[in-house]
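> I would like the atomic coordinates for the input below:
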Amino acid sequence: MHSRVVGVGRMAGLLRPAMPLASNVHAHALGSRSMTVKVNGDKAEIEYAPCQTYKNDGPATNWIDTTKEEVKAALKQMVTMRRMEIAADLMYKSQLIKGFCHLYDGQEAVAVGIELGCTKKDHIITSYRDHCFQFSRGDSVKRILAELTGREGGSTKGKGGSMHMYYPRNNFWGGNGIVGAQMPLGAGLAMGAKYLTNKGLPRGEAPSDAVCYALCGDGAANQGQVFEATNIAYLWKLPCIFVVENNKYGMGTSAAKAASNEEFYTRYDPLPGLKVDGMDCFAVKAASQYARKWCMEGKGPFVLEMNTYRYHGHSMSDPGLTYRSREEVSGVRKARDPVDKLKKIVAELGWMTEQEVKDVEKQVRAEVDEAVEFSKTSPFPAVSEMYTDVQAENPAYIRGTDGVYGHGTCEWARKE
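As a prediction, the model looks like this:
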């Protein structure tokens, strides 16, 4: 098989050598640099923007291996995530979804890239912006959208809603509604992985056959519990990858106004870290693999800062334009959109034609439309479901709110 090298991006068609990034390069410049790909049959190498490093050497090169199968799967997954979140936006505005709803469009490359760099044996725990991780871990769009509408066919039987989705069969632990609360839980999951590998908990360096990715936003990154979690993780050398999804705004406050140090990958000293182009799923894959190997070798925790952006406001109640301009949002879409970036890579790899990409989008649109209908027609859960899943095994009796009536019966609660 012959090999070929082609360019991607604004200088598509031209071979441009990798260029090191200066530490003061503006974040948005990461998305506009030219990239190249090396193709050899159904295998390829893709160039990505070099990571900025702290207390580690980082990946040996800024090239990552991939395959035709992986690229096509990543494209469909990312297109599905985008379409699903747009559908959730429309459903919320039609009052089919109630309560809190935090959308992930713009940040899809983080979820896809992390999955490309790990296995389902690894644990993931994240914040309330969790729909796409629920999908990437293996759940269906039907179940996710039905959960948003509070239906019986939802991911947690309609009882969790947008912020509380879980997929334990593939080690996804939420979906957490309390800002930053998932980070110490993530350290605990990492402790469990190390404990099970070693049949005990050695305090020093020891290998682990799984890691935990604990994700939070730049707003939560300032919380005390995050520092506590990183501290104990370092002392016990836990295989935990702390991922800060820096989308530039904690609710409506920019990171520049909220953080004394905006370089989040350096904040949890002495933990090593990387700053990654979070709009490129292959840059994220490379960083994910590197940090995972570091942790599995027993070297302790690692920090990944994902330089990303959310298109919607903090939640559906936030228009997202009172603290940033339309021009800023549209500028990021034009220069850095992760879906468009992946489409360019696909085109340069030559593994899919423009029509084949459109066919994927058409297929995804039909699948999401079907999921929307399911989320409208699936029945609401029965009242009795209020009392299930409270404990690991449903007890014979759960007291009701009046202290007498509830689920099941028992002698001492019997009405006279």
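
> Run through the chain and note the low-pLDDT ranges.
Across the chain, the ranges flagged by pLDDT under 70 are 1-35, 401-405, 410-416.

> Go through it and flag its longest helix.
Looking across the chain with DSSP state H, the single longest helix is helix 68-93.

> Tell me the helices and strands packed up against the helix or strand following it.
For helix 68-93, the following helix or strand on the C-terminal side (DSSP states H and E) is helix 108-116. Helix 108-116 is packed against helix 68-93, helix 131-136, strand 240-246, helix 281-296, helix 338-349, with contacts defined by 3 or more Cβ pairs under 8 Å, 6 or more residues apart in numbering; DSSP states H and E. For every residue, glycine as well, the C-beta is placed using N, CA and C.

> CA-only coordinates of helix 108-116, as CSV, when you get a sec.
C-alpha atoms of helix 108-116 as CSV (Å, rounded to 0.1, in the frame of the first residue of the first chain):
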residue,chain,number,x,y,z
GLU,A,108,-18.2,17.2,22.0
ALA,A,109,-14.6,16.6,21.1
VAL,A,110,-13.7,16.2,24.8
ALA,A,111,-16.1,13.3,25.3
VAL,A,112,-15.3,11.6,22.0
GLY,A,113,-11.5,12.1,22.5
ILE,A,114,-11.4,10.7,26.0
GLU,A,115,-13.3,7.6,24.9
LEU,A,116,-10.8,7.1,22.0
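
> and the angle from it to strand 240-246?
Note on geometry: by axes from the mean of the first three to the mean of the last three Cα atoms, to 10 degrees, helix 108-116 and strand 240-246 are set 160 degrees apart in direction.

> Could you give me the buried positions within stretch 264-280?
Buried residues in stretch 264-280, defined by neighbour count with 16 or more other Cβ atoms under 10 Å: 264-268, 271-280.

> same deal with stretch 288-295?
Residues of stretch 288-295 classed as buried: 288-292, 294-295 (neighbour count, 16+ other Cβ under 10 Å).

> Could you do stretch 76-93 as well?
76-89, 91-92.

> what's the spacing between the longest helix of the chain and its chain's center?
13 Å (Cα atoms, centre = their mean, to the nearest Å).

> Quick check: which helices or strands does it pack against?
Helix 68-93 packs on strand 43-47, helix 108-116, helix 131-136, helix 141-148, helix 338-349, helix 354-377, going by 3+ Cβ pairs under 8 Å, 6+ apart.

> Tell me which of the helices and strands packed on helix 108-116 lies nearest to P319.
helix 68-93 (11.7 Å; Cβ to Cβ).

> ok, back up a step: let me know the closest of the buried residues of stretch 264-280 to N307.
Closest to N307, out of all of the buried residues of stretch 264-280 and judged by Cβ to Cβ, is G278, at 5.0 Å.

> Distance of that closest one relative to L215?
For G278, the distance to L215 equals 11 Å [Cβ to Cβ, to the nearest Å].
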